[in-house]
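Peer 1: no sequence for this one, just the structure:
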Ligand code: NIG
(Lines give C-alpha, C1' and ligand atoms only; values in the text may rest on other atoms or scores of the structure.)
Protein backbone atom coordinates (compact mmCIF):
# COMPACT_ATOMS: atom_id res chain seq x y z
CA UNK A 1 0.00 0.00 0.00
CA UNK A 2 1.32 3.46 -0.95
CA UNK A 3 0.98 5.90 1.93
CA UNK A 4 1.99 9.56 1.99
CA UNK A 5 1.71 11.96 4.91
CA UNK A 6 2.23 15.67 4.32
CA UNK A 7 2.81 17.68 7.48
CA UNK A 8 3.18 21.34 8.45
CA UNK A 9 1.05 22.65 5.59
CA UNK A 10 0.65 26.39 6.06
CA UNK A 11 -2.67 26.39 4.20
CA UNK A 12 -4.59 23.40 2.90
CA UNK A 13 -6.67 24.97 0.16
CA UNK A 14 -10.19 23.87 -0.80
CA UNK A 15 -10.37 21.33 2.02
CA UNK A 16 -13.66 19.93 3.32
CA UNK A 17 -15.79 16.83 2.92
CA UNK A 18 -18.88 18.55 1.59
CA UNK A 19 -17.42 20.86 -1.01
CA UNK A 20 -19.62 20.97 -4.09
CA UNK A 21 -20.27 23.32 -6.99
CA UNK A 22 -20.03 26.95 -5.84
CA UNK A 23 -22.02 29.88 -7.22
CA UNK A 24 -22.64 33.55 -6.45
CA UNK A 25 -21.47 34.58 -2.98
CA UNK A 26 -20.22 31.03 -2.28
CA UNK A 27 -17.50 31.58 -4.86
CA UNK A 28 -15.85 34.14 -2.59
CA UNK A 29 -15.24 31.42 -0.04
CA UNK A 30 -12.20 29.17 -0.32
CA UNK A 31 -12.30 26.45 2.32
CA UNK A 32 -8.90 26.67 4.00
CA UNK A 33 -7.34 24.81 6.92
CA UNK A 34 -4.33 26.56 8.45
CA UNK A 35 -1.38 24.55 9.83
CA UNK A 36 -2.62 21.27 8.46
CA UNK A 37 -1.69 17.69 7.63
CA UNK A 38 -2.86 15.58 4.69
CA UNK A 39 -2.77 11.80 4.65
CA UNK A 40 -3.02 9.80 1.42
CA UNK A 41 -3.59 6.04 1.24
CA UNK A 42 -3.19 4.39 -2.13
CA UNK A 43 -4.86 6.69 -4.63
CA UNK A 44 -7.23 8.42 -2.22
CA UNK A 45 -7.31 11.20 0.33
CA UNK A 46 -7.73 9.31 3.59
CA UNK A 47 -7.54 12.09 6.16
CA UNK A 48 -6.66 15.72 6.71
CA UNK A 49 -7.07 18.34 9.40
CA UNK A 50 -5.17 20.66 11.68
CA UNK A 51 -1.72 19.44 12.75
CA UNK A 52 -2.83 19.41 16.40
CA UNK A 53 -5.61 16.93 15.56
CA UNK A 54 -3.41 14.43 13.70
CA UNK A 55 -4.48 10.90 14.77
CA UNK A 56 -2.12 8.89 17.02
CA UNK A 57 -1.28 6.26 14.34
CA UNK A 58 0.15 9.01 12.13
CA UNK A 59 2.02 10.70 15.02
CA UNK A 60 3.39 7.26 15.79
CA UNK A 61 4.51 6.75 12.22
CA UNK A 62 6.34 10.08 12.31
CA UNK A 63 8.23 9.06 15.45
CA UNK A 64 9.24 5.84 13.65
CA UNK A 65 10.31 7.59 10.47
CA UNK A 66 13.80 6.07 10.61
CA UNK A 67 12.42 2.54 11.02
CA UNK A 68 13.16 0.60 7.77
CA UNK A 69 9.80 -1.24 8.13
CA UNK A 70 7.89 2.03 8.11
CA UNK A 71 6.53 2.30 4.56
CA UNK A 72 4.96 5.72 5.14
CA UNK A 73 6.46 8.47 3.00
CA UNK A 74 6.53 11.69 5.03
CA UNK A 75 6.78 15.06 3.33
CA UNK A 76 7.37 18.09 5.52
CA UNK A 77 5.66 20.92 3.64
CA UNK A 78 7.50 23.32 5.96
CA UNK A 79 5.02 26.16 5.73
CA UNK A 80 4.09 25.79 2.10
CA UNK A 81 0.58 25.38 0.71
CA UNK A 82 -1.27 22.38 -0.71
CA UNK A 83 -3.90 22.70 -3.45
CA UNK A 84 -6.17 20.23 -5.20
CA UNK A 85 -4.89 19.91 -8.78
CA UNK A 86 -6.67 22.04 -11.33
CA UNK A 87 -9.47 20.61 -13.48
CA UNK A 88 -9.19 21.97 -17.03
CA UNK A 89 -12.64 21.29 -18.49
CA UNK A 90 -12.16 22.53 -22.08
CA UNK A 91 -9.19 21.71 -24.31
CA UNK A 92 -8.40 20.66 -27.85
CA UNK A 93 -4.89 19.49 -27.01
CA UNK A 94 -4.75 16.74 -29.62
CA UNK A 95 -3.66 18.52 -32.79
CA UNK A 96 -1.04 18.40 -35.51
CA UNK A 97 1.45 21.14 -36.32
CA UNK A 98 0.88 24.75 -35.31
CA UNK A 99 -0.70 27.89 -36.75
CA UNK A 100 1.68 30.76 -36.10
CA UNK A 101 1.27 32.00 -39.68
CA UNK A 102 -2.36 32.78 -38.84
CA UNK A 103 -1.13 34.48 -35.68
CA UNK A 104 0.87 36.79 -37.95
CA UNK A 105 -2.13 37.21 -40.28
CA UNK A 106 -4.16 38.36 -37.29
CA UNK A 107 -1.48 40.88 -36.35
CA UNK A 108 -1.75 42.16 -39.91
CA UNK A 109 -5.48 42.71 -39.55
CA UNK A 110 -7.39 39.55 -40.44
CA UNK A 111 -10.06 38.34 -38.02
CA UNK A 112 -10.52 34.76 -36.77
CA UNK A 113 -13.65 34.46 -38.97
CA UNK A 114 -11.87 35.87 -42.05
CA UNK A 115 -9.05 33.36 -41.66
CA UNK A 116 -11.61 30.56 -41.27
CA UNK A 117 -13.60 31.74 -44.30
CA UNK A 118 -10.56 31.42 -46.57
CA UNK A 119 -9.91 27.83 -45.51
CA UNK A 120 -7.54 28.52 -42.61
CA UNK A 121 -8.27 28.06 -38.95
CA UNK A 122 -9.86 24.76 -37.96
CA UNK A 123 -9.70 23.53 -41.59
CA UNK A 124 -5.96 24.22 -41.63
CA UNK A 125 -5.57 22.05 -38.52
CA UNK A 126 -7.78 19.37 -40.10
CA UNK A 127 -5.49 19.24 -43.13
CA UNK A 128 -2.41 18.94 -40.92
CA UNK A 129 -4.07 16.21 -38.90
CA UNK A 130 -5.08 14.28 -42.02
CA UNK A 131 -1.37 14.07 -42.92
CA UNK A 132 -0.25 12.97 -39.46
CA UNK A 133 -0.17 9.38 -38.22
CA UNK A 134 -2.01 8.35 -35.09
CA UNK A 135 1.28 7.55 -33.37
CA UNK A 136 2.76 10.95 -34.13
CA UNK A 137 -0.44 12.64 -32.99
CA UNK A 138 -0.29 10.66 -29.76
CA UNK A 139 3.36 11.59 -29.21
CA UNK A 140 2.77 15.33 -29.59
CA UNK A 141 -0.44 15.28 -27.54
CA UNK A 142 1.28 13.38 -24.73
CA UNK A 143 3.93 16.08 -24.67
CA UNK A 144 1.19 18.64 -24.09
CA UNK A 145 -0.45 16.42 -21.48
CA UNK A 146 2.86 16.22 -19.62
CA UNK A 147 3.32 19.97 -19.96
CA UNK A 148 -0.04 20.76 -18.31
CA UNK A 149 0.50 18.14 -15.64
CA UNK A 150 3.74 19.85 -14.65
CA UNK A 151 1.93 23.17 -14.20
CA UNK A 152 -0.76 21.97 -11.80
CA UNK A 153 -3.48 20.34 -13.87
CA UNK A 154 -4.69 16.95 -12.69
CA UNK A 155 -7.77 16.43 -14.85
CA UNK A 156 -8.46 17.49 -18.39
CA UNK A 157 -11.27 17.32 -20.92
CA UNK A 158 -10.03 16.81 -24.50
CA UNK A 159 -12.11 17.27 -27.64
CA UNK A 160 -11.87 15.85 -31.12
CA UNK A 161 -12.84 18.27 -33.90
CA UNK A 162 -9.80 18.53 -36.16
CA UNK A 163 -10.70 15.30 -37.96
CA UNK A 164 -13.96 16.30 -39.65
CA UNK A 165 -14.20 12.92 -41.40
CA UNK A 166 -15.35 9.70 -39.71
CA UNK A 167 -11.88 8.21 -40.03
CA UNK A 168 -9.99 11.22 -38.69
CA UNK A 169 -12.41 11.98 -35.89
CA UNK A 170 -11.96 8.38 -34.73
CA UNK A 171 -8.19 8.80 -35.05
CA UNK A 172 -8.33 11.77 -32.68
CA UNK A 173 -10.62 10.03 -30.22
CA UNK A 174 -8.39 6.95 -30.17
CA UNK A 175 -5.47 9.21 -29.33
CA UNK A 176 -7.48 10.70 -26.45
CA UNK A 177 -8.23 7.16 -25.28
CA UNK A 178 -4.50 6.34 -25.30
CA UNK A 179 -3.75 9.46 -23.26
CA UNK A 180 -6.44 8.38 -20.80
CA UNK A 181 -4.83 4.95 -20.50
CA UNK A 182 -1.23 6.11 -20.24
CA UNK A 183 -1.23 9.46 -18.46
CA UNK A 184 -1.77 9.96 -14.72
CA UNK A 185 -4.17 12.76 -15.67
CA UNK A 186 -7.89 12.06 -15.34
CA UNK A 187 -9.15 12.50 -18.91
CA UNK A 188 -12.68 13.07 -20.22
CA UNK A 189 -13.29 12.79 -23.92
CA UNK A 190 -15.63 14.88 -26.08
CA UNK A 191 -16.72 14.26 -29.67
CA UNK A 192 -16.67 17.57 -31.58
CA UNK A 193 -17.27 16.52 -35.17
CA UNK A 194 -19.36 19.70 -35.43
CA UNK A 195 -16.37 22.01 -35.12
CA UNK A 196 -16.31 23.28 -38.74
CA UNK A 197 -17.73 22.31 -42.13
CA UNK A 198 -15.08 20.48 -44.16
CA UNK A 199 -14.30 21.95 -47.60
CA UNK A 200 -15.89 18.93 -49.27
CA UNK A 201 -19.26 19.94 -47.80
CA UNK A 202 -18.96 23.67 -48.55
CA UNK A 203 -22.05 23.64 -50.78
CA UNK A 204 -23.85 20.97 -48.81
CA UNK A 205 -23.76 21.76 -45.11
CA UNK A 206 -26.80 19.60 -44.50
CA UNK A 207 -24.82 16.65 -45.86
CA UNK A 208 -22.16 17.08 -43.17
CA UNK A 209 -24.74 17.41 -40.39
CA UNK A 210 -26.29 14.15 -41.66
CA UNK A 211 -22.89 12.49 -41.70
CA UNK A 212 -22.28 13.51 -38.08
CA UNK A 213 -25.70 12.24 -37.01
CA UNK A 214 -25.94 9.06 -39.04
CA UNK A 215 -22.33 7.93 -39.34
CA UNK A 216 -20.00 9.55 -36.83
CA UNK A 217 -22.07 9.47 -33.64
CA UNK A 218 -22.92 5.76 -33.98
CA UNK A 219 -19.25 4.94 -34.68
CA UNK A 220 -18.01 6.96 -31.71
CA UNK A 221 -20.60 5.32 -29.46
CA UNK A 222 -19.83 1.82 -30.73
CA UNK A 223 -16.19 2.19 -29.71
CA UNK A 224 -17.14 4.04 -26.50
CA UNK A 225 -14.71 6.79 -27.37
CA UNK A 226 -16.47 9.79 -25.82
CA UNK A 227 -18.48 10.86 -22.80
CA UNK A 228 -19.62 14.20 -24.22
CA UNK A 229 -20.71 15.70 -27.50
CA UNK A 230 -19.98 19.32 -28.40
CA UNK A 231 -21.01 21.69 -31.20
CA UNK A 232 -19.47 25.03 -32.26
CA UNK A 233 -22.75 26.96 -32.38
CA UNK A 234 -21.80 30.22 -34.02
CA UNK A 235 -22.61 32.36 -37.04
CA UNK A 236 -20.61 30.89 -39.95
CA UNK A 237 -20.29 27.52 -38.21
CA UNK A 238 -23.24 25.46 -36.87
CA UNK A 239 -26.71 26.99 -36.53
CA UNK A 240 -29.03 26.52 -33.56
CA UNK A 241 -31.04 24.06 -35.61
CA UNK A 242 -27.91 22.04 -36.54
CA UNK A 243 -26.83 22.11 -32.89
CA UNK A 244 -30.25 20.97 -31.72
CA UNK A 245 -30.28 17.98 -34.05
CA UNK A 246 -26.69 16.97 -33.30
CA UNK A 247 -27.11 17.20 -29.52
CA UNK A 248 -30.37 15.29 -29.75
CA UNK A 249 -28.69 12.53 -31.77
CA UNK A 250 -25.77 12.38 -29.32
CA UNK A 251 -28.10 12.12 -26.36
CA UNK A 252 -29.69 9.01 -27.87
CA UNK A 253 -26.25 7.39 -27.70
CA UNK A 254 -25.63 8.52 -24.13
CA UNK A 255 -23.38 11.47 -25.01
CA UNK A 256 -24.12 14.45 -22.76
CA UNK A 257 -24.03 17.87 -24.35
CA UNK A 258 -21.44 20.61 -24.13
CA UNK A 259 -21.68 23.67 -26.39
CA UNK A 260 -19.23 26.23 -27.78
CA UNK A 261 -21.60 29.16 -27.39
CA UNK A 262 -21.54 32.91 -28.01
CA UNK A 263 -17.83 33.28 -28.68
CA UNK A 264 -18.14 35.72 -31.59
CA UNK A 265 -21.72 36.92 -31.02
CA UNK A 266 -25.12 35.99 -29.58
CA UNK A 267 -25.72 32.63 -31.22
CA UNK A 268 -28.55 30.93 -29.34
CA UNK A 269 -25.99 28.34 -28.23
CA UNK A 270 -26.69 28.87 -24.54
CA UNK A 271 -30.42 28.24 -24.88
CA UNK A 272 -30.03 25.13 -27.02
CA UNK A 273 -27.39 23.84 -24.60
CA UNK A 274 -29.73 24.36 -21.65
CA UNK A 275 -32.55 22.69 -23.61
CA UNK A 276 -30.40 19.54 -23.76
CA UNK A 277 -29.23 19.85 -20.16
CA UNK A 278 -25.66 20.49 -21.31
CA UNK A 279 -23.11 19.96 -18.59
CA UNK A 280 -21.49 23.24 -19.68
CA UNK A 281 -21.77 26.03 -22.20
CA UNK A 282 -18.37 27.48 -22.99
CA UNK A 283 -16.89 30.82 -24.15
CA UNK A 284 -19.80 33.25 -23.52
CA UNK A 285 -17.99 36.41 -24.53
CA UNK A 286 -21.36 37.72 -25.81
CA UNK A 287 -24.27 37.32 -23.45
CA UNK A 288 -27.38 39.22 -22.40
CA UNK A 289 -30.34 38.88 -20.06
CA UNK A 290 -31.82 36.00 -22.07
CA UNK A 291 -28.69 33.91 -21.60
CA UNK A 292 -28.63 34.64 -17.86
CA UNK A 293 -32.31 33.71 -17.59
CA UNK A 294 -31.74 30.43 -19.41
CA UNK A 295 -28.76 29.48 -17.25
CA UNK A 296 -30.36 30.47 -13.95
CA UNK A 297 -32.87 27.63 -14.01
CA UNK A 298 -30.49 24.96 -15.22
CA UNK A 299 -27.85 22.44 -14.19
CA UNK A 300 -25.53 23.87 -16.85
CA UNK A 301 -22.33 25.58 -15.76
CA UNK A 302 -20.91 28.60 -17.61
CA UNK A 303 -17.29 28.00 -18.63
CA UNK A 304 -15.04 30.89 -19.51
CA UNK A 305 -11.90 30.63 -21.59
CA UNK A 306 -10.12 33.95 -21.07
CA UNK A 307 -6.92 32.70 -22.74
CA UNK A 308 -8.77 32.59 -26.07
CA UNK A 309 -10.34 36.00 -25.47
CA UNK A 310 -6.86 37.36 -24.78
CA UNK A 311 -5.26 35.67 -27.79
CA UNK A 312 -8.00 36.85 -30.17
CA UNK A 313 -7.97 40.30 -28.56
CA UNK A 314 -11.71 40.34 -27.90
CA UNK A 315 -14.04 41.58 -25.17
CA UNK A 316 -13.99 39.30 -22.12
CA UNK A 317 -17.03 37.46 -20.89
CA UNK A 318 -18.76 39.52 -18.17
CA UNK A 319 -17.82 37.12 -15.41
CA UNK A 320 -18.98 39.39 -12.59
CA UNK A 321 -22.50 39.44 -14.03
CA UNK A 322 -22.57 35.65 -13.89
CA UNK A 323 -21.56 35.79 -10.24
CA UNK A 324 -24.20 38.47 -9.52
CA UNK A 325 -26.81 36.30 -11.23
CA UNK A 326 -25.82 33.35 -9.04
CA UNK A 327 -24.74 31.34 -12.09
CA UNK A 328 -21.80 29.00 -11.37
CA UNK A 329 -18.75 29.46 -13.51
CA UNK A 330 -15.66 27.47 -14.38
CA UNK A 331 -12.41 28.54 -16.01
CA UNK A 332 -10.55 26.43 -18.56
CA UNK A 333 -7.59 26.91 -20.89
CA UNK A 334 -9.11 25.91 -24.26
CA UNK A 335 -5.58 24.69 -25.14
CA UNK A 336 -5.66 24.63 -28.98
CA UNK A 337 -3.55 25.82 -31.93
CA UNK A 338 -5.93 28.54 -33.13
CA UNK A 339 -7.23 30.58 -30.23
CA UNK A 340 -5.13 29.62 -27.21
CA UNK A 341 -1.85 27.75 -27.72
CA UNK A 342 -1.35 27.48 -23.96
CA UNK A 343 -2.49 24.99 -21.34
CA UNK A 344 -1.56 27.13 -18.36
CA UNK A 345 -4.24 27.35 -15.69
CA UNK A 346 -2.07 29.92 -13.92
CA UNK A 347 -2.53 32.19 -16.92
CA UNK A 348 -6.32 31.70 -16.81
CA UNK A 349 -6.29 32.58 -13.12
CA UNK A 350 -4.35 35.75 -13.90
CA UNK A 351 -6.64 36.79 -16.76
CA UNK A 352 -9.73 36.01 -14.70
CA UNK A 353 -8.47 38.30 -11.95
CA UNK A 354 -6.95 41.05 -14.10
CA UNK A 355 -9.35 41.22 -17.04
CA UNK A 356 -12.55 39.76 -15.66
CA UNK A 357 -12.26 41.13 -12.12
CA UNK A 358 -12.79 37.84 -10.35
CA UNK A 359 -11.16 37.68 -6.94
CA UNK A 360 -8.40 35.07 -6.51
CA UNK A 361 -10.81 33.02 -4.37
CA UNK A 362 -13.48 33.06 -7.10
CA UNK A 363 -10.94 32.20 -9.77
CA UNK A 364 -9.46 29.31 -7.77
CA UNK A 365 -12.95 27.91 -7.15
CA UNK A 366 -13.61 28.18 -10.89
CA UNK A 367 -10.44 26.17 -11.67
CA UNK A 368 -10.96 23.46 -9.05
CA UNK A 369 -14.37 22.30 -7.83
CA UNK A 370 -16.33 24.12 -10.53
CA UNK A 371 -13.96 22.87 -13.26
CA UNK A 372 -14.53 19.37 -11.92
CA UNK A 373 -18.31 19.89 -12.17
CA UNK A 374 -17.90 21.05 -15.79
CA UNK A 375 -16.40 17.65 -16.60
CA UNK A 376 -18.68 15.54 -14.40
CA UNK A 377 -16.02 14.51 -11.89
CA UNK A 378 -16.88 16.68 -8.88
CA UNK A 379 -17.61 13.59 -6.79
CA UNK A 380 -14.01 12.47 -7.18
CA UNK A 381 -11.87 15.52 -7.81
CA UNK A 382 -11.68 19.29 -7.45
CA UNK A 383 -11.26 19.52 -3.67
CA UNK A 384 -9.36 18.00 -0.77
CA UNK A 385 -12.03 15.74 0.66
CA UNK A 386 -11.89 12.30 2.28
CA UNK A 387 -12.45 9.60 -0.33
CA UNK A 388 -11.59 11.80 -3.31
CA UNK A 389 -8.71 10.96 -5.63
CA UNK A 390 -5.42 12.28 -4.27
CA UNK A 391 -4.57 14.78 -7.02
CA UNK A 392 -2.74 17.63 -5.33
CA UNK A 393 0.28 19.88 -5.57
CA UNK A 394 2.53 21.40 -2.93
CA UNK A 395 3.57 24.95 -3.73
CA UNK A 396 7.00 26.45 -3.50
CA UNK A 397 7.41 29.00 -0.72
CA UNK A 398 5.01 31.68 -1.85
CA UNK A 399 3.58 34.47 0.30
CA UNK A 400 -0.11 33.72 -0.36
CA UNK A 401 -2.41 31.97 -2.83
CA UNK A 402 -3.04 35.32 -4.53
CA UNK A 403 0.63 35.27 -5.53
CA UNK A 404 -0.18 32.64 -8.20
CA UNK A 405 -2.32 34.90 -10.46
CA UNK A 406 -0.30 37.96 -9.41
CA UNK A 407 3.13 36.64 -10.43
CA UNK A 408 1.59 35.00 -13.44
CA UNK A 409 4.72 33.62 -15.09
CA UNK A 410 6.55 32.60 -11.91
CA UNK A 411 6.70 28.84 -11.34
CA UNK A 412 4.92 28.08 -8.08
CA UNK A 413 4.80 24.28 -7.86
CA UNK A 414 7.24 22.21 -5.86
CA UNK A 415 5.72 18.71 -5.68
CA UNK A 416 2.96 17.00 -7.65
CA UNK A 417 0.97 13.97 -6.49
CA UNK A 418 -1.53 12.38 -8.87
CA UNK A 419 -3.61 9.32 -7.97
CA UNK A 420 -1.70 9.19 -4.71
CA UNK A 421 1.68 8.85 -6.43
CA UNK A 422 4.55 11.28 -6.46
CA UNK A 423 5.07 12.53 -9.98
CA UNK A 424 8.26 14.59 -9.61
O1 LIG B 1 -12.73 27.06 -28.61
N2 LIG B 1 -14.03 28.14 -31.30
C3 LIG B 1 -13.86 27.03 -31.65
N4 LIG B 1 -12.89 26.18 -31.25
C5 LIG B 1 -11.69 26.62 -30.63
C6 LIG B 1 -10.71 27.16 -31.59
C7 LIG B 1 -10.25 26.13 -32.52
C8 LIG B 1 -9.23 26.57 -33.51
O9 LIG B 1 -9.21 27.73 -33.94
O10 LIG B 1 -8.45 25.70 -33.90
C11 LIG B 1 -12.03 27.55 -29.50
O12 LIG B 1 -11.65 28.72 -29.48
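Peer 2: Structure's in. What do you need? These figures come from a predicted structure and were not determined experimentally.

Peer 1: When you work out contacts or count neighbours from here on, use the C-alpha atoms and nothing else.
Peer 2: Fine.

Peer 1: Could you pick out the residues of the chain near the ligand for me?
Peer 2: Neighbours of the ligand within the chain, by C-alpha under 6 Å from any ligand atom: 121, 122, 232, 308, 334, 336, 337, 338, 339.

Peer 1: if we go to 5 Å?
Peer 2: With C-alpha under 5 Å from any ligand atom as the criterion, the chain meets the ligand at residues 122, 338, 339.

Peer 1: For those, give me CSV that also has pLDDT, neighbour count and secondary structure.
Peer 2: Shown next, in CSV, are the residues of the chain next to the ligand (pLDDT from 0 to 100; neighbours: other C-alpha atoms under 10 Å; DSSP: H, G, I helix; E, B strand; the rest coil):
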residue, pLDDT, neighbour count, secondary structure
122, 96, 23, helix
338, 96, 22, coil
339, 95, 20, coil
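
Peer 1: now, among the residues you listed, which is nearest to residue 250?
Peer 2: Within the residues of the chain next to the ligand, the smallest distance to residue 250 is 21.9 Å, found for residue 122 (C-alpha to C-alpha).

Peer 1: And whichever residue of the stretch 251-400 of the chain sits closest to the ligand, how close does it get to residue 95?
Peer 2: Nearest residue of the stretch 251-400 of the chain to the ligand: residue 338, at 3.5 Å (C-alpha to the nearest ligand atom). In this view, residue 338 and residue 95 are 10 Å apart by C-alpha to C-alpha, to the nearest Å.

Peer 1: gap between the helix or strand that contains residue 310 and the chain center?
Peer 2: Using DSSP states H and E, residue 310 sits in helix 306-311. Put simply, helix 306-311 sits 15 Å off its chain's centre (C-alpha atoms, centre = their mean, to the nearest Å).

Peer 1: Show residues contacting that helix.
Peer 2: 285, 315-317, 331-334, 339-340, 342, 347-348, 351-352 (C-alpha atoms under 8 Å, 6 or more residues apart in numbering).

Peer 1: what residues does the helix or strand that it is followed by touch?
Peer 2: Counting by DSSP H and E, the next helix or strand C-terminal to helix 306-311 is helix 319-324. The contact list for helix 319-324 (C-alpha under 8 Å, 6+ apart) reads 23, 24, 25, 27, 292, 304, 328, 329, 356, 357, 358.

Peer 1: which of the residues you listed are buried?
Peer 2: Buried members of these, counted by 16 or more other C-alpha atoms under 10 Å: 23, 24, 27, 292, 304, 328, 329, 356, 358.

Peer 1: For the one helix or strand the fourth one maps to, buried residues please.
Peer 2: When you say that, I think you mean residue 292. For residue 292, the element it lies in under DSSP H and E is helix 289-296. For helix 289-296, the neighbour count (16+ other C-alpha under 10 Å) marks 291, 292, 294, 295, 296 as buried.

Peer 1: how close does residue 98 get to residue 140?
Peer 2: 11 Å.

Peer 1: Note down every partner strand of the helix or strand harbouring residue 158 and its orientation.
Peer 2: Assessed by DSSP H and E, residue 158 sits inside strand 153-159. Sheet pairing of strand 153-159 (DSSP bridges) gives strand 86-88 (parallel), strand 186-194 (parallel).
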